[in-house]
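In: let me see the structure of the following:
(one chain, ligands or ions: 1)
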Amino acid sequence: MRNQNHKYLVLPGPVEVRPEILDAQSEWMIGHRSTAFADLFARMQTNLKQAFGTESRVFVQGSSGTGLWEGASRNCIREGKKALHLVGGAFSERWAEVSKLNGKDIDVIAVDWGKAHTAEMVEAALKQQPYDAVCAVHNETSTGVTNPIKDIAAVVRQYEDTLMLVDTVSGFLGAKLLTDEWGLDMALTSSQKAFALPPGLAFAAVSDRVLERASQVSNRGYYFDFIEIEALLKKNNTPSTPPVSLMFAADRQLEDILNGEGLHGRWQRHLQMRDLTLNWAQERGLGAFAQDGYRSPTVSTIANTSGFDMDAMAKFMSSKGFSMDKGYGKIKGKTFRIAHMGDMQLATLEEVLGGLDEFLAGN
Ligand SMILES: *Cc1c(COP(=O)(O)O)cnc(C)c1O
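Out: Okay, here's the model as predicted:
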C-alpha cells in the first residue's frame, strides 16, 4: 500500500515518479549473471544510446550522479596534467571539489551565479595552456541556467588532447542534448531528475577517446574504473552487482519515452513548462534569477523579489498536495525553484502555479 498522504514532488530531484514506473520495480529478482539480465542490459543499451544521441556506449552504474563525477575526474585527468572546470553554481562548484579531492590539478573559470559560461571564455583559457579535460555542467540546478554546451564543445573539439566532460544530471531527457553531434566525450546523469526514476542509478555516454585516456591513467581506483566497466559492458553486464529493480524501472521508462512522446516531444514539453513558469513569474513581478537566453527548460529559479516567507509558502503548498523547493545553497531564501522536469504535464504545473497564486493573494 502506498502512502495516501503523498505530496506530488515539485522538487529539482528527486522528482515525481509515475505509479507504472514504481510498479516496474516490484518484478521478481533475477541474477545479474543470467541471460535474462543480459537481455535487459542489451535492450537498455540500445535505448540509452538513442536517448543520449550516441553510437558509442552508455555506462549504467549503481550510484548517484556524484559517483560518475568521481569516475570522470579520476579516469580522464592524467598525473601531471590539468582539468578546466566551468563553475557558476552549487553543482559545478562541487564537481570541481570532487576533482581536487581526487588529487587532480584544476583551474576554474568562475562566473557569477545566474550567469552562463561562453565559448569565448573557454577558448581564451585553452589558448593559454593545455588541459586534459573541460568539465562543464549542462544545466546548473541551483541557478536555473542552461549552459551553451554545443558552442563550448565546438571550441574544445579543436584541441585534440582535451576531453569534453558534461554533467547533464538535471538536463538529460528534459533539455536537448546530442552527445555525438555536439562532440561530447562524456555526458553523465542521474536517474532522479528529468529521467523521472527513483534515485540510485547513474548513466554516462562515454566516447572511445575517454577509454583511451583512461588507459593512460594508472590510478583509476576500483568502483569507477572505466576500463573494467567497459570490459563487462561488452558482455551486457556490470563488474559488481547492479540495482536490478531500478533497472527494471529504467527499462520501462525508456520504452515509454521512446515509443511515446519521443525525445523531441519531451524537449518541447519542457520548453513549454519553462515558458509557462517564467511568464507566470513575470506577470506577478517576480524575476527569473538566470540570465536571459540561458533559462533552463527543467527548473526555474525565481528571484523572491517580494520577499515572501518560503516556509509559509511550502506549508501552504503542502496543504494543496505539493512538495515545494525553498531555494538552494547561498541563494536560498533570495530565490526559490519551481522544478518542471520529468513526466510532469502542463496541467499539473498549472495547478502548482494556481496554488502559488492563492498563497500570494493571502500574503
Ligand atoms: C542533483 C545534481 C547532481 C548530483 O547528483 P546526485 O545524483 O545527487 O549525486 C549533480 N549535478 C547536478 C547538475 C545536479 O542537479
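In: for whichever residue of the stretch 251-363 of the chain sits closest to the ligand, give me the pLDDT.
Out: Per Cβ to the nearest ligand atom, the residue of the stretch 251-363 of the chain with the smallest distance to the ligand is Val299, at 8.3 Å. C-beta: built from backbone N, CA, C; applies to glycine. On the pLDDT scale, Val299 is placed at 98.
In: quick one: residues contacting it.
Out: Applying Cβ atoms under 8 Å, 6 or more residues apart in numbering to Val299 gives the contacts 12, 139, 141, 144, 170, 337-341.
In: next: Leu68.
Out: When contacts are counted by Cβ under 8 Å, 6+ apart, Leu68 touches 59, 61, 188, 202-204, 224.
In: against Tyr222, how distant is Glu228?
Out: Glu228 sits 8 Å away from Tyr222, taking Cβ to Cβ, to the nearest Å as the criterion.
In: equivalent analysis for Gly13, please.
Out: From Gly13 to Tyr222 the distance is 27 Å (Cβ to Cβ).
In: give me the more crowded residue out of these two.
Out: Using other Cβ atoms under 10 Å as the criterion, Gly13 and Tyr222 rank with Gly13 on top: 23 against 8.
In: hang on, the earlier thing: closest one of the contacts of Leu68 to Gly114?
Out: Leu188 (23.6 Å; Cβ to Cβ).
In: residue ranges for the helices of the stretch 201-350 of the chain, please.
Out: 208-214, 226-233, 244-259, 262-283, 310-319, 346-361 (DSSP state H, counting those that start in this stretch).
In: also the stretch 1-150 of the chain?
Out: Here the stretch 1-150 of the chain has its helices, by DSSP H, counting those that start in this stretch, at 19-24, 35-52, 65-76, 90-101, 119-128, 149-156.
In: excluding chain neighbours, what is closest to Ala281?
Out: Nearest non-adjacent residue to Ala281, counting by Cβ to Cβ, 6 or more residues apart in numbering: Ile302, 5.1 Å away.
In: list the contacts for that neighbour?
Out: Contacts of Ile302 (Cβ under 8 Å, 6+ apart): 277, 281, 286-289, 335-338.
In: could you chop this protein up by domain?
Out: 8-16+262-361, 19-258 (automatic domain parsing).
In: buried deepest among the helices of the stretch 1-150 of the chain, which one?
Out: Ranked by mean neighbour count, the helices of the stretch 1-150 of the chain are led by helix 65-76 with a mean of 24 (mean count of other Cβ atoms under 10 Å).
In: avg pLDDT for that helix?
Out: On average, helix 65-76 scores 98.
In: against Arg213, how distant is Val156?
Out: Applying Cβ to Cβ to Val156 and Arg213 gives a distance of 14 Å.
In: mutual contacts of the two, please.
Out: Common neighbours of Val156 and Arg213 (Cβ under 8 Å, 6+ apart) are Leu163.
In: how far away is the residue most central in space within the chain from the ligand?
Out: Geometric centre of the chain, nearest residue: Val169, 1.1 Å, by Cα atoms, centre = their mean. The gap separating Val169 from the ligand is 4 Å, by Cβ to the nearest ligand atom, to the nearest Å.
In: host element of that residue?
Out: Under the criterion DSSP states H and E, no helix or strand holds Val169.
In: that one reaches Ser191, doesn't it?
Out: No. Assessed by Cβ atoms under 8 Å, Val169 is found out of contact with Ser191, at 9.7 Å.
In: need the contact list for Ser240.
Out: Per Cβ under 8 Å, 6+ apart, neighbours of Ser240: 62, 223.
In: so what pLDDT did it get?
Out: Looking at Ser240, the pLDDT reads 97.
In: cool, Lys330 as well?
Out: 86.
In: for it, give me its contacts.
Out: 90, 113.
In: distance check, it against Gly114.
Out: Going from Lys330 to Gly114 by Cβ to Cβ gives 11 Å.
In: wondering if stretch 87-100 reaches the ligand at all.
Out: Yes. Using Cβ under 6 Å from any ligand atom, we find that stretch 87-100 touches the ligand at Phe91.
In: starting at the chain centroid, how far to that stretch?
Out: 14 Å (Cα atoms, centre = their mean, to the nearest Å).
In: state the mean pLDDT of it.
Out: 98.
In: using PDB, write out every CA atom in it.
Out: What follows is stretch 87-100, C-alpha atoms only, in PDB (Å, rounded to 0.1, in the frame of the first residue of the first chain):
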ATOM      1  CA  VAL A  87      31.900  27.000 -12.200                       C
ATOM      2  CA  GLY A  88      28.800  29.000 -11.800                       C
ATOM      3  CA  GLY A  89      26.600  27.400  -9.200                       C
ATOM      4  CA  ALA A  90      26.400  24.900  -6.400                       C
ATOM      5  CA  PHE A  91      26.800  21.800  -8.500                       C
ATOM      6  CA  SER A  92      29.600  22.900 -10.800                       C
ATOM      7  CA  GLU A  93      31.400  24.100  -7.600                       C
ATOM      8  CA  ARG A  94      31.000  20.700  -6.100                       C
ATOM      9  CA  TRP A  95      32.400  18.800  -9.200                       C
ATOM     10  CA  ALA A  96      35.500  21.000  -9.100                       C
ATOM     11  CA  GLU A  97      35.800  20.000  -5.400                       C
ATOM     12  CA  VAL A  98      35.500  16.300  -6.400                       C
ATOM     13  CA  SER A  99      38.400  16.600  -8.800                       C
ATOM     14  CA  LYS A 100      40.600  18.300  -6.200                       C
END
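In: so what touches that stretch?
Out: So stretch 87-100 is contacted by 66, 69-70, 73, 77, 83, 85-86, 106, 108-117, 135-137, 140-143, 145, 147, 167, 169, 328-330 (Cβ under 8 Å, 6+ apart).
In: are any of those buried, and which?
Out: 66, 69-70, 73, 77, 83, 85-86, 106, 108-109, 111, 113-117, 135-137, 140-143, 145, 147, 167, 169, 328 (16 or more other Cβ atoms under 10 Å).
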